[in-house]
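Novice: Next comes the sequence, and after it the predicted model I'd like to discuss.
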Amino acid sequence: MTTMPPPSSTTVSPSRTTCASLLHELQGKGPLKQQISAVNPVLDELRLKKQERMKDFYETETQIARICAEIAGSDRSFDSADPEIDERDLTMKRLGELKSHLKELQNEKSLRLQKVNSSIKKVHELSVVMSIDFFKTVNDVHPSLSDQSKVQSKSISNDTLARLTSTIHSLKQEKQQRLEKLQGLGHKLIELWDLMDMPVDERRLDHVTTLISASVDNVSRLGCLAVDVIEQTEVEVERLNALKASKMKELVFKRQNELEEIYRGVHMDVDSDAARQILISLIESGNAEISELLASMDDQITKAKEQALSRKDILDKVEKWKFASEEEQWLDEYEKDDNRYSAGRGAHKNLKRAEKARALVSKIPSMVESLTSKVKAWELERKVPFLYYKAPLLHSLEEYTMLRREREEERRRSREQKRLQEQFAAEQEALYGSRSAIKKPLGLSTSANTMAGTPTARRGVTPFGHHASSAGKQRGESRANNVTPINYVALPKDDSVSRGC
């Protein structure tokens, strides 16, 4: 029942005051009938005022009762029920108190209606994102909330507000759970796409991956968290997992090929057959998780690239050293050709090449020294030997330096021997005079090459050439035989083309 301010006990009705005053004035002014005739118009006016006042009280108390019922959540209708009006107090003061109370209730109703509308809007936003039946959801809270005809006013009761709050909380939790599930599925999609190098045009449900970094409050696209979207994504992940299993070997060996290519590019030896056999065993056993295996291989590739980068400067110097050594060998052959100065075809080119080769050969000692310093610094930093085709590069440099020193010594002895022979011949000629001797015709070369052509390179002191069965056996042979470092394979070279260092 409505709570209204109690009537004041000290209030005096204005009609009573008016009647008392009127009776006092009529006393002693004619007969009673005349007095009554004089009073009737006043009474009629008072009765009309009372009816109007009663109507104001009725309307005010009816509105108060209706709003109180709405707030209380009562289903009772007050349209035809008459509120109880205390006719003993129909003063304007009492009416003002009732109207003031009605104003407070109307303000509260307005605030409650705003809360209800705001809650309904929030329910609608959450519903469309998740493709949930909005009308069913609000109808479960209160039937008046889903009445589109607006015949029935929206419920503003405490119970309705509480149930709306609970519904919004439940929908937010559901939205959070669905978003987290789709984000997890989105991560799996990207992982599988990258794992299998899937083309962009074959990547289905890519709109799901856009939710990965989204916060729950920023997700508002229509139906993006619908149940069917989650189910479709789950089906796609299952399909890709099945496809991944069939492509497992292909993916693994693609990584292995990349790894081997990196090693080959920097002249590092790798046992490809053994590595591939291990990978096949892991895959066929089913004990290896493909993602972990590929992640491990990616780590190896990253480390191989880092190691290759650290070797690049040294390898560039090795190539220059090898080229200079090849030019030195060519120069040796060229200088042994007696016809090198004849006016044959290509002679001028060989003369130019020989000039460049002499300048380059003079730099070999400094090249080897610089390269040795680089290799030592590299090994000191990494605590491992610098391998080049399975053998330590430092050993090859040391062996090359030793063999080159031996060859220089041989050249010195050869020049000394030639000088002594010429000196002896001159002394003999001075003692006995000149003797006729059969000499070789001019223009004939002692080497196999004639016509002033480019000398054919033969094996000499070049790094990484074919080595004999053992270094000891090779050193036991004639010093004239040139020795190359062990455990390396000679690279084919084109002696007819001059290269810059």
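Specialist: Now that the structure is in, tell me what you want to look at.

Novice: can you pull the buried residues of stretch 375-393?
Specialist: Across stretch 375-393, burial judged by 16 or more other Cβ atoms under 10 Å covers V375, W378, F386, Y388, A391, P392, L393. Every residue, glycine included, has its C-beta placed from N, CA and C.

Novice: What helices and strands are in contact with the host helix or strand of P365?
Specialist: Assessed by DSSP states H and E, P365 sits inside helix 364-382. Judged by 3 or more Cβ pairs under 8 Å, 6 or more residues apart in numbering; DSSP states H and E, helix 364-382 is in contact with helix 290-335, helix 393-432.

Novice: Domain map for this protein?
Specialist: 14-115, 118-243, 248-303, 308-433+447-476 (automatic domain parsing).

Novice: just to revisit the earlier point, just the CA trace of the helix holding P365, in CSV.
Specialist: The C-alpha coordinates for helix 364-382 follow below in CSV (Å, rounded to 0.1, in the frame of the first residue of the first chain):
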residue,chain,number,x,y,z
ILE,A,364,100.3,-13.9,-50.6
PRO,A,365,102.4,-13.8,-47.4
SER,A,366,100.4,-10.9,-46.0
MET,A,367,97.2,-12.6,-47.1
VAL,A,368,98.1,-15.8,-45.2
GLU,A,369,99.2,-13.8,-42.2
SER,A,370,96.0,-11.8,-42.0
LEU,A,371,93.9,-14.9,-42.6
THR,A,372,95.7,-16.8,-39.8
SER,A,373,95.1,-13.9,-37.4
LYS,A,374,91.4,-13.8,-38.2
VAL,A,375,91.1,-17.6,-37.8
LYS,A,376,92.9,-17.5,-34.4
ALA,A,377,90.7,-14.7,-33.2
TRP,A,378,87.6,-16.6,-34.3
GLU,A,379,88.7,-19.8,-32.6
LEU,A,380,89.6,-17.9,-29.4
GLU,A,381,86.2,-16.3,-29.2
ARG,A,382,84.2,-19.5,-29.8
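
Novice: Quick check: next helix or strand after it?
Specialist: In N-to-C order, the element after helix 364-382 by DSSP H and E is strand 387-388.

Novice: which residues in the protein form helices?
Specialist: Under the criterion DSSP state H, the chain contains helices at 14-26, 32-72, 92-130, 134-141, 158-195, 206-209, 227-246, 248-265, 272-285, 290-335, 347-361, 364-382, 393-432, 471-476.

Novice: With pLDDT and distance to A430 as added columns, please give the buried residues of stretch 375-393 in JSON lines.
Specialist: Shown next, in JSON lines, are the buried residues of stretch 375-393 (pLDDT from 0 to 100; distance: Cβ to Cβ, whole Å):
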{"residue": "V375", "pLDDT": "85", "distance to A430": "56"}
{"residue": "W378", "pLDDT": "85", "distance to A430": "61"}
{"residue": "F386", "pLDDT": "84", "distance to A430": "59"}
{"residue": "Y388", "pLDDT": "82", "distance to A430": "56"}
{"residue": "A391", "pLDDT": "81", "distance to A430": "56"}
{"residue": "P392", "pLDDT": "85", "distance to A430": "57"}
{"residue": "L393", "pLDDT": "83", "distance to A430": "55"}
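
Novice: Among those, which one sits closest to Y400?
Specialist: L393 (10.2 Å; Cβ to Cβ).

Novice: From L331, how far off is that closest one?
Specialist: Counting by Cβ to Cβ, to the nearest Å, the gap from L393 to L331 is 25 Å.

Novice: again, but for A425
Specialist: 28 Å.

Novice: between the two, who's got more neighbours?
Specialist: Ranked by neighbour count (other Cβ atoms under 10 Å), A425 and L331 place L331 first, with 20 against 10.

Novice: count of residues packed around the nearest residue to that one once chain neighbours are set aside?
Specialist: Among residues not flanking L331 along the chain, A357 sits closest, at 4.4 Å (Cβ to Cβ, 6 or more residues apart in numbering). A357 has 22 neighbouring residues, counting by other Cβ under 10 Å.

Novice: What separation is there between A357 and A324?
Specialist: To A324, A357 is 9 Å away according to Cβ to Cβ.

Novice: cool, and V39?
Specialist: Where A324 is concerned, V39 sits at a distance of 143 Å (Cβ to Cβ).

Novice: which of the two has more neighbours?
Specialist: Between V39 and A324, A324 has the larger neighbour count (other Cβ under 10 Å), namely 22 against 16.

Novice: pretty sure that one contacts A359?
Specialist: No - counting by Cβ atoms under 8 Å, A324 sits too far from A359 to count as a contact (10.1 Å).

Novice: Any idea how many residues pack against D140?
Specialist: What D140 shows, counting by other Cβ under 10 Å, is a neighbour count of 13.
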